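Peer 1: quick one, fold the following:
(one chain, ligands or ions: 2)
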Amino acid sequence: MQPMVAPSLLSANFGNLDADIEMVNRSVADWFHVDIMDGVFVPNISIGFPVLEAIRKKAKKPLDVHLMMAEPDKYLERFSETGASVLTVHYEAVTHLHSVIKDIRNLGMQAGISLNPHTPVNLLEEILPDLDLVLIMTVNPGFGGQSFIESSYNKIRKLRTLIKETGSQALIEVDGGVDLENAPLLVKAGVDVLVAGNTVFNSENPSKTIELLRRPVRSIT
Ligand code: DX5
Ligand code: ZN
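Peer 2: Numbering: from 1, shown residues only. Ligands and ions are numbered 1, 2, ... in the order given. The predicted structure is shown next:
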């Protein structure tokens, strides 16, 4: 099992974003993870459309856009125009998830739903076949550099079973506190995509760290 890796630009150097984008372009990373925070859904504000647009112009890999915002349904078209390949909304922020997922797909993007640490995976049972991705938050959303919540492994295993049972093709992505120690355990538990901010951008050799995160892991079965 070889995971995909999506470095989170939230931990990049915003004073010289081009250099970090270039590093990711040249690395073995699969996607750019871009966090959009509105100061309402989460207690932090990150970036908006102008910066996303600038990232898109330099990035040579798909943009995996994680919306930590209230009423994301109002901006789906803008995010599609700004070049998002994967667009993930929070379960806790959307009332009519089924129709939002349909709209995201109709705009030509892959559709994801993210779950906060307290939200159980079985709430996704009916919608799983319509999803391209489920993003499990392994910290409380809003900030980089927090500690991984250990109970997440169980949640990932439950989701893997549910995906199998429902015949869903959805990828499992984890976000928050991912490091070189827990990465192989997460992959063994069933994770397909590892998001990592602090671990990548605050390491001595970010491109090597991406390579280490992306190492194949032997299956338990
Ligand atoms: C947190 C964001 C993450 C963040 C992860 O709310 O969604 O993408 O950048 O950062 P690390 O990997 O440092 O925990
Ligand atoms: Zn994120």
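Peer 1: closest residue of the chain to ligand 2?
Peer 2: The nearest approach of the chain to ligand 2 comes at residue 66, 3.7 Å away (Cβ to the ion). For the C-beta atoms, the positions are set from N, CA and C on the backbone; glycine is no exception.
Peer 1: that residue and residue 34 touch, don't they?
Peer 2: Yes: the criterion here is Cβ atoms under 8 Å, and residue 66 meets it with residue 34 at 6.9 Å.
Peer 1: and the residue of the chain closest to ligand 2, which of the three is it?
Peer 2: For residue 66, the assignment made with DSSP: H, G, I helix; E, B strand; the rest coil gives strand.
Peer 1: okay, it and ligand 1: tell me how far apart.
Peer 2: Distance, residue 66 to ligand 1, using Cβ to the nearest ligand atom, to the nearest Å: 5 Å.
Peer 1: residues in contact with that residue?
Peer 2: Under the criterion of Cβ atoms under 8 Å, 6 or more residues apart in numbering, the neighbours of residue 66 are 33, 34, 35, 36, 88, 114, 135, 175, 195.
Peer 1: likewise residue 6?
Peer 2: Shown in contact with residue 6 (Cβ under 8 Å, 6+ apart): 29, 30, 31, 32, 33, 64, 173, 193, 194, 195, 196.
Peer 1: near ligand 1 too, which of these?
Peer 2: 33, 195, 196 (Cβ under 6 Å from any ligand atom).
Peer 1: returning to what we had before: ok, of the contacts of residue 66, which come out buried?
Peer 2: Buried by 16 or more other Cβ atoms under 10 Å: 33, 34, 35, 36, 88, 114, 135, 175, 195, out of the contacts of residue 66.
Peer 1: okay, strands next: where are they in the chain?
Peer 2: Secondary structure of the chain by DSSP state E: the strands cover 4-7, 32-37, 63-68, 84-90, 110-115, 133-137, 171-175, 193-196.
Peer 1: tilt between the third one and strand 171-175?
Peer 2: For strand 63-68 and strand 171-175, the angle between their directions (axes from the mean of the first three to the mean of the last three Cα atoms, to 10 degrees) works out to 60 degrees.
Peer 1: strand 63-68 pairs with which strands, and in what direction?
Peer 2: When pairing is defined by DSSP bridges, strand 63-68 lines up against strand 32-37 (parallel), strand 84-90 (parallel).
Peer 1: would you format these as a markdown table with mean pLDDT and distance to residue 24 included?
Peer 2: Below are the strands paired with strand 63-68 laid out as a markdown table (pLDDT from 0 to 100; distance: least, Cβ to Cβ, whole Å):
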| stretch | mean pLDDT | distance to residue 24 |
| --- | --- | --- |
| strand 32-37 | 98 | 6 |
| strand 84-90 | 99 | 14 |
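Peer 1: CA-only coordinates of the lengthiest helix in the chain in CSV, if you can.
Peer 2: The residue-count maximum for a helix in the chain (DSSP state H) belongs to helix 152-166. This file holds the C-alpha atoms of helix 152-166, laid out as CSV (Å, rounded to 0.1, in the frame of the first residue of the first chain):
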residue,chain,number,x,y,z
SER,A,152,-8.6,8.4,14.9
TYR,A,153,-7.2,5.0,14.0
ASN,A,154,-10.5,3.3,15.0
LYS,A,155,-12.5,5.9,13.1
ILE,A,156,-10.4,5.2,10.0
ARG,A,157,-10.9,1.4,10.3
LYS,A,158,-14.6,1.9,10.7
LEU,A,159,-14.7,4.1,7.6
ARG,A,160,-12.7,1.6,5.6
THR,A,161,-15.3,-1.1,6.4
LEU,A,162,-18.2,1.2,5.5
ILE,A,163,-16.6,2.1,2.2
LYS,A,164,-16.3,-1.6,1.4
GLU,A,165,-19.9,-2.3,2.5
THR,A,166,-21.4,0.5,0.4
